[in-house]
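>>> Structure for the following, please:
(2 chains)
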Amino acid sequence: MSEVNPPRAWRNDAVAKVTGRARYADDLKFHGLLHAVPVYTDHVHARLRGVDTAAAAAAPGVVRVITAADVPGSVTFGQILQDYHMLAGDTIRCHGDVVAVVVAETRAAAVAAARLVTVAADPLPAVLDPEEALRPGAPLVHERHGTNVINHHRVRRGDVAAGFAASDVVVEQVFRTSFIEHAYLEPEAAVAVPRPDGVMEIYGSMQHPFSTRRFTAALLGVPLADVEVRSVPMGGGFGGKDDTAAIVCARAALAARLTGRPVKLTYDREWSVRESYKRHPYRLHYRMGLTRDGRIQAVAVRIVADGGAYCSVTPWVTWRSTVQCCGPYRVPHVACDTYGVYTNNVFTGAMRGFGSPQVNFCIEQLVEMAAERLDLSPLEIRRRNMVRQGDTTITGQVLDTHVVSLAQVLDRVVAESDYEARRGRCAHGRADGDELYGIGLAMSYRGMSLGAEGKDFNSAIVNVQFDGSILLETGIHENGQGAESAMVLLLADELGVRRERIRYRQASTSVIPDGGTTVASRGTLMGGGAVVHAARALKEKMAAVLAPRLGCAPGDVAFRDDAVWGPGGARLTIEEAVREMWQAQEYPYAFGVFQGPQVTWDEATGQGNAYFTWVYGCQAAEVTVNRRTGKVKVLGMWAAHDVGRAVNPPMLLGQFYGGMAMGLGYGLTEAVTIDAGRIRSLNFDRYRIARATDLPEMHATIVENPDPLSPSRAKGIGEPTNELMAPAIANAVAAATGRRYCEQPVRVDAAELAGGPAGAEGTEPDANGEAPCN
Amino acid sequence: MQLTINGRAVTVPDSDGARNLLEYLREDLDLTGAKNGCGIGQCGACTVLLDDRPVRACRKIVADAAGRRLLTIEGLAAPDGALHPLQQAFVDHGAIQCGFCTPGMVLTAHAFLLKNPSPTRSEIRRAISANLCRCTGYQQIVDAIESAASHYRR
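This next block holds a predicted model:
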């Protein structure tokens, strides 16, 4: 950052949030506001014959009860497959399906009347296990789809049979992961306001305003231009406020359209957990072959992801898992098959990490299991196999457009955590007292932004006002991560102005072009790239006008220290410069676009340049495991990530700490409990996210290797921080106990520990590949 | 009945005494700083102070506050708008992300520091352990509270 903007904690919304003045969706009020609530049934899979709304409609305060029959547009929509029924029609496919929306003068009246809605339905056999869903004759979740397979991704590289033949050692293991709840502190909320000009205006807690607009326009049957989605402060998303949040907004808009009044639809926690999509549970069956000296020769892996009742972004999530299935290692022979599968469980979709936490949990344990067999250290096996500058990934991508810093982040974590000395203290199941000590680490590379999932571009508008104040807007959404602040800092830096000049506009889908969703750690990379391009366009435009006044050529005009400079010390204040622009009848206004560099993908072979840039990260955890109770206590956590360039260091550290904490929850405590398709862990009393006392002090190391393909030189950080702590903890627990834990979350059974260490042998699977971990 | 909310006397009809305190603050008094994150007293986003002690507004009724001093986040800054040193510390240490837990977290920390102005970091962690935050990992929140403690020692 420049000298006019010293690097200290700053965000544009901090004061509003710390004083309680920030207005989130549920904090908004409008004249004539009505309240809507959803109506569920207790069915998991059923043919819906009818919804009886008469009693609810007659209840005190009720204005309208809405069902699928009332929808003017398309009741089905989706980002990839249009299979989501925003109100259930003839079929209930999961326990979170909504059959009606009750709209009343008060929320209490709506809640009371919702209990009066009844349905006539014939239960259908439910399929709740994705492996069963794949078998011939399994009940179909979507009959029209013809199969329960949502997608099948592959990687075919080299010749795995030859690779295993050339291997001296083969490790084989089945891993399992759980449904994970995003647990954003703010449940979904939306307010829809029918405007006199015919536009439906929406204020919602969502992280994809443009998708929200598409869902809403589809449900109402109106053009995109007739829906305006406005950003309000949002209480966390973590990937979880895309589809469901958009659908909540769309239902509020439908209620507003049908009643002609503003409607608020605020979810309580139980509705949110019941209905909203989760992180996919995976079953992963890995085989890895290595030579005696620890070089990985081949990996064969079959991954089955439970997509739940709707497609959502399952094909994209499982695609990333496929691309990254071998971790950051060189593997000459790979066969990967990844299936996304429909079941009647809650649907699954985007969550911070987006398909990487599952595969990292496995591959980072598998390499250590191989190392144990080969009598190599966890560091040595990684150093012998990890990608380095100019290496080729398993999808055939040559890593030569940026600094491949895997060795750098690994070395930093090893040094900061004193890993090698602490490794020598690990108990491996043997200790004098009750506490078994262990340290473990994990590392990854991660493709940035969307990659070959979709078109990837973003825009920014910089609009300098007559008094020298500046309005900025981008196609990136503030989810709580500090995106707006990063954009302001990048603009201030590029223009050489004080950040106090810049106000980030409350974003609107009717002003800024559709920039896609604010996910995939793409905010700073894509939106920041657009800001840099807009700033450069603005400077070019201003330099052309101001050069004669500064007595120089346009190319010699400089923007720094909150002023515009010629080479000989000639100077204009920003205010003077703007007045000159007005005199010349030129607007100090610019529109900038960043188009992500080309990526390629061949679906048949799973080969291509999957992402235009990659980030490299390493994390470590130090634990004790109590052998009487099985309780795992995390004593220390370390992380190093290469972010390209640190734009707002204190907020960047916040991404580190938050991601590491969420990763600890994934490693040790978090799993949505589902009983025959019905979620039981509906609130924080039964779904444990990390508390302040569950966490040790954390140590974060920012590594900066500016990325030439990023206009701001920054990459991204939100997800990398959240994809490594669980395998680091699993490896630490293994070092402590001498046993492997291949189901996420790691749960140590003290009774098993009494039997002593199990060693790395005994991992051969039975005929079904169902090897016990120990 | 009489309530004292953020230093101001508020007269509430007895008929409202049985209403949910959080809903009353948010809907009737437009004090929307307290948030509803779970509705069962688990997350702490609705924390307000009654006579300097943190309570879960979602689990209280209006009558519970009768005759007591109720402080919401809106009442912590000075009347001229200057941030309380604890609030300023949250800003300066990057302790705020989505902000949904922030009002309850700040008030819980405020009550704690009034009782213990020289805490260790692990005491701070225990003090906020019933306030959930999904964004920050708590580390910069602990930093902020630790740094603000000196203002409570005067």
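>>> Could you use CA atoms for every contact and neighbour count after this?
Fine.
>>> Now do residue 115: how many residues are near it, please.
In the absence of a named chain, chain A is used. A count of nearby residues for A:R115, using other Cα atoms under 10 Å in any protein chain shown, gives 13.
>>> Correction: the question concerned chain B.
Quick note: B:K115 (other Cα under 10 Å) scores 13 neighbours.
>>> Quick check: the gap between it and B:A127.
In this view, B:K115 and B:A127 are 11 Å apart by Cα to Cα, to the nearest Å.
>>> Quick check, A:V170 in contact with A:G289.
Yes. Contact criterion Cα atoms under 8 Å: A:V170 and A:G289 qualify, at 4.3 Å.
>>> Give me the domain ranges for chain B.
B:2-75, B:85-152 (automatic domain parsing).
>>> Of A:V170 and A:G289, which one has the most company?
A:G289 (26 against 19).
>>> Show me what from the stretch 101-250 of chain A comes close to chain B.
Residues of the stretch 101-250 of chain A lying close to chain B by Cα under 8 Å from any Cα of the partner chain are A:183-187, A:233-236.
>>> Nearest spatial neighbour of A:G20, chain-adjacent residues omitted?
Nearest residue to A:G20, sequence neighbours excluded (Cα to Cα, 6 or more residues apart in numbering or on different chains): B:G33, at 4.0 Å.
>>> mind listing what the helix or strand hosting A:L436 pairs with, with the direction of each?
Assessed by DSSP states H and E, A:L436 sits inside strand A:435-447. Strand pairing for strand A:435-447, using DSSP bridges, gives strand A:614-626 (antiparallel).
>>> quick one: contacts for the spatially most central residue of chain B?
Nearest to the geometric centre of chain B sits B:L107, at 2.7 Å (Cα atoms, centre = their mean). If you count contacts by Cα atoms under 8 Å, 6 or more residues apart in numbering or on different chains, B:L107 has them with B:47-49, B:54, B:72-73.
>>> Go through the residues you listed and flag which are in strands.
B:47-49, B:54 (DSSP state E).
>>> tell me which of those residues is nearest to B:Q2?
B:L49 (16.3 Å; Cα to Cα).
>>> State the pLDDT value of the closest one.
Per-residue pLDDT puts B:L49 at 98.
>>> Could you report the neighbour count for it?
24.
>>> which non-adjacent residue is nearest it?
B:L71 (5.0 Å).
>>> That neighbour reaches B:R8, doesn't it?
No. B:L71 lies out of contact with B:R8 (Cα under 8 Å); the separation is 10.0 Å.
>>> re earlier: moving C-terminal of the strand holding A:L436, what's the next helix or strand?
Strand A:435-447 is succeeded, C-terminally, by strand A:457-464 (DSSP H and E).
>>> Extract the C-alpha trace of that following strand and format it as PDB.
Backbone C-alpha positions of strand A:457-464 (Å, rounded to 0.1, in the frame of the first residue of the first chain) are rendered in PDB as follows:
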ATOM      1  CA  PHE A 457     -15.100 -12.200 -15.800                       C
ATOM      2  CA  ASN A 458     -16.000  -9.300 -13.600                       C
ATOM      3  CA  SER A 459     -16.400  -5.500 -13.900                       C
ATOM      4  CA  ALA A 460     -15.900  -2.300 -11.900                       C
ATOM      5  CA  ILE A 461     -17.200   1.200 -12.200                       C
ATOM      6  CA  VAL A 462     -15.200   4.200 -10.900                       C
ATOM      7  CA  ASN A 463     -17.000   7.400 -10.900                       C
ATOM      8  CA  VAL A 464     -15.200  10.500  -9.600                       C
END
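>>> Quick one: work out the angle between the helix or strand that it is followed by and strand A:457-464.
Downstream of strand A:457-464, the first helix or strand assigned by DSSP H and E is strand A:470-474. Following axes from the mean of the first three to the mean of the last three Cα atoms, to 10 degrees, one obtains 170 degrees for the angle between strand A:470-474 and strand A:457-464.
>>> Strand A:470-474: how far from the chain's middle?
Remark: strand A:470-474 is offset 25 Å from the chain centroid, using Cα atoms, centre = their mean, to the nearest Å.
>>> again with stretch A:307-326
On Cα atoms, centre = their mean, the centre of stretch A:307-326 falls 12 Å from the chain's centre.
>>> what's the answer for stretch A:585-600, then?
26 Å.
>>> What of stretch A:712-731?
On Cα atoms, centre = their mean, the centre of stretch A:712-731 falls 11 Å from the chain's centre.
>>> Go ahead and produce CSV holding the CA coordinates of that stretch.
Coordinates of each C-alpha in stretch A:712-731 appear next as CSV, following Å, rounded to 0.1, in the frame of the first residue of the first chain:
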residue,chain,number,x,y,z
SER,A,712,-3.7,-6.6,-8.8
ARG,A,713,-1.1,-9.4,-8.4
ALA,A,714,-3.3,-10.8,-5.6
LYS,A,715,-4.8,-14.3,-5.8
GLY,A,716,-7.3,-15.4,-3.2
ILE,A,717,-7.4,-16.9,0.3
GLY,A,718,-11.0,-17.6,1.6
GLU,A,719,-11.0,-21.3,0.7
PRO,A,720,-7.3,-22.3,0.9
THR,A,721,-7.4,-21.6,4.6
ASN,A,722,-10.3,-23.9,5.1
GLU,A,723,-9.1,-27.0,3.2
LEU,A,724,-6.1,-28.2,5.3
MET,A,725,-6.7,-28.1,9.0
ALA,A,726,-8.8,-31.3,9.1
PRO,A,727,-6.1,-33.5,7.5
ALA,A,728,-3.4,-31.8,9.5
ILE,A,729,-5.3,-32.7,12.7
ALA,A,730,-6.0,-36.3,11.4
ASN,A,731,-2.2,-36.6,10.8
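>>> ok so A:F656 is a helix residue?
Yes. The assignment for A:F656 by DSSP: H, G, I helix; E, B strand; the rest coil puts it in a helix.
>>> contacting residues around it?
Here A:F656 is in contact with A:639, A:700, A:717-718, A:721 (Cα under 8 Å, 6+ apart).
>>> Could you count how many residues lie near the residue nearest to B:L49?
B:L71, neighbours per other Cα under 10 Å, totals 21.
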